[in-house]
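# Show me the folded form of this:
(one chain, ligands or ions: 1)
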Amino acid sequence: MSQENQNIQEEPHKRRVRYKGKYPRNYKEKYKELNPEKYQDTIEKVIRKGSTPAGMHISIMVREIIDFLQIKPGQTGFDATLGYSGHTKAMLECLKGQGHMYATDVDPIESAKTKKRLADAGFGEDILTIRLQNFCTIDEIAKEAGGFDFVLADLGVSSMQIDNPDRGFSFKVDGPLDLRLNPEKGISAAERLAQIDEDELAGMLWENSDEPYAEELARAIVTERKHGKPIDTTTRLREVIEETLSFLPEKEKKDTVKKTCQRTFQALRIDVNNEFEVLYEFMEKLPGALKPGGRAAILTFHSGEDKLVKKALKQGYKEGVYSEIANDVVRPSAEECAQNGRARSTKMRWAVRAE
Ligand SMILES: C[S@@+](CC[C@H](N)C(=O)[O-])C[C@H]1O[C@@H](n2cnc3c(N)ncnc32)[C@H](O)[C@@H]1O
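Sure, this is the predicted structure:
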């Protein structure tokens, strides 16, 4: 046997992922998008079309954030929400190899991939410390770092988390009803729905997402459970929402079901990840973590988050811990929203620590 044939035999043949039609439809078929380093041309095509490639996250308002933070070489910064690291990378580039950044994320699956990607791009531990830690521990990290010149928090979930059906964040694809940012900790949304009583569930849907059909949905979910039908997949929850809203007139049903699904999944996500509690703690600790003159920018994606951030910044300004805060929210440009639909609900607020 020739050397060439031997090599061919030694390497097991890998079949291309098969899918019907010209383009892959489901997450697992999108093997090119899931390997952005190898298939750059596919990634560029998907982004040009205004979509986010599977397994990637397009960072929002990067220019506005960088303009505001005024990062200088030698400074120390903190990215509270590492995600795919588009923001971290942009901030690291401003340091020009001098200074240090700290970053946290609670997602062990995505942050391991991000850490490797950053190290491969030359951002190793000499310039960047990544911690699998909740951002509400900002005080501990600030103590270790000696305070921060700049801080960014880009709240919520990344596209990688939303798009992966195994994580259960989206009502559009079937998967386990999990919704945890860290699936190794706490309880899943399915477990939560198996335990919660009707009044508490209605209250949670209303408080976390202003869901107008909170009571009807809570009753329907608890009734299903009593009949021995657990709500343990994203599809099951969507079906219960559809059945509950089946009384609506045909012309408004489709849109209302979609919005109710979005609000219900968001409310559950906020609940299982204690999002309001940790954000409150983070905002309380933020002034103490910033150096005098230090700058912080926060991106929020729904009114509950924005209200909390606005209140904390206003309070800090009144008390004199911030010398300046955003009077109004800063929104992404129309051009950015057209290119990245996920930017549409973004609101940015900022503050400068008093000297
Ligand atoms: C919108 S994404 C961040 C995207 C990132 N800025 C980028 O450019 O790729 C939000 C990230 O924050 C993480 N996250 C959410 N809440 C967190 C918390 N309390 N502590 C640490 N990380 C958190 C999520 O797991 C997710 O990866």
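
# Which residue, neighbours along the chain excluded, lies closest to the closest residue to the ligand within the stretch 51-200 of the chain?
The nearest approach of the stretch 51-200 of the chain to the ligand comes at Gly83, 2.5 Å away (CB to the nearest ligand atom). Backbone N, C-alpha and C define where each C-beta goes, glycine included. Counting by CB to CB, 6 or more residues apart in numbering, Gly83 lies nearest to Ser158, which is 4.2 Å off, once chain neighbours are set aside.

# Name all residues that make contact with the one you found.
Ser158 makes contacts with 57, 83-84, 107, 110, as judged by CB atoms under 8 Å, 6 or more residues apart in numbering.

# Check Asn35 and give its pLDDT.
pLDDT recorded at Asn35 is 73.

# And the one 10 residues further on, by the same measure?
In the predicted model, Lys45 carries a pLDDT score of 72.

# State whether it is indeed within a helix.
Yes: according to DSSP: H, G, I helix; E, B strand; the rest coil, Lys45 belongs to a helix.

# Name the helix or strand of this structure that has the lowest mean pLDDT.
Least confident helix or strand of the chain, by mean pLDDT, DSSP states H and E, is helix 3-10 with a mean of 42.

# quick revisit: just the closest of the contacts of Ser158 to Gly288, please.
Gly83 (24.6 Å; CB to CB).

# what's the closest one sitting at in phi/psi?
phi 50, psi -130 (degrees, to the nearest 10).

# residues touching the residue nearest the centre of the chain, list them.
Note on the chain: the residue nearest the mean C-alpha position is Val157, at 1.5 Å, using CA atoms, centre = their mean. When contacts are counted by CB under 8 Å, 6+ apart, Val157 is found next to 169, 181, 269.

# How about Phe169?
Listed by CB under 8 Å, 6+ apart, the contact set of Phe169 reads 157, 161-162, 178-179, 265, 269.

# Now go through the residues you listed and say which are in helices.
161-162, 265, 269 (DSSP state H).

# Report the two of those separated the most.
Spatially, the most separated pair among the ones in helices among the contacts of Phe169 is Gln161 and Phe265, at 12.1 Å (CB to CB).

# More neighbours: which of those two?
The neighbour comparison of Gln161 against Phe265 (other CB atoms under 10 Å) goes to Phe265, with 24 against 21.

# Nearest residue to that one in space, ignoring adjacent ones along the chain?
Phe265's closest residue in space is Phe171 (CB to CB, 6+ apart), at 5.5 Å.

# ok, which residues in the stretch 101-250 of the chain are in contact with the ligand?
The stretch 101-250 of the chain has residues 104-107, 110, 134-135, 154, 156-158, 181 near the ligand, with proximity defined as CB under 6 Å from any ligand atom.

# do that again at 5 Å, thanks
By the rule CB under 5 Å from any ligand atom, the part of the stretch 101-250 of the chain lying against the ligand is 104-107, 134-135, 154, 156, 158, 181.

# can I get those residues in CSV with secondary structure?
Shown next, in CSV, are these (three-state DSSP):
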residue, secondary structure
Thr104, strand
Asp105, strand
Val106, coil
Asp107, coil
Asn134, coil
Phe135, helix
Asp154, strand
Gly156, coil
Ser158, coil
Leu181, coil
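
# nearest to Gly320, of those?
Phe135 (24.6 Å).

# Not counting sequence-adjacent ones, nearest residue to the closest one?
Residue nearest to Phe135 in three dimensions, not counting chain neighbours: Ala80, with 3.7 Å by CB to CB, 6+ apart.

# Quick one: neighbours of the one you found, just the number.
26.

# got the residues of the stretch 101-250 of the chain next to the ligand as CSV, with distance to Arg295 and pLDDT columns?
Output for these, formatted as CSV (distance: CB to CB, whole Å; pLDDT from 0 to 100):
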residue, distance to Arg295, pLDDT
Thr104, 18, 98
Asp105, 21, 98
Val106, 24, 98
Asp107, 26, 98
Asn134, 22, 98
Phe135, 17, 98
Asp154, 15, 98
Gly156, 21, 93
Ser158, 23, 95
Leu181, 26, 98
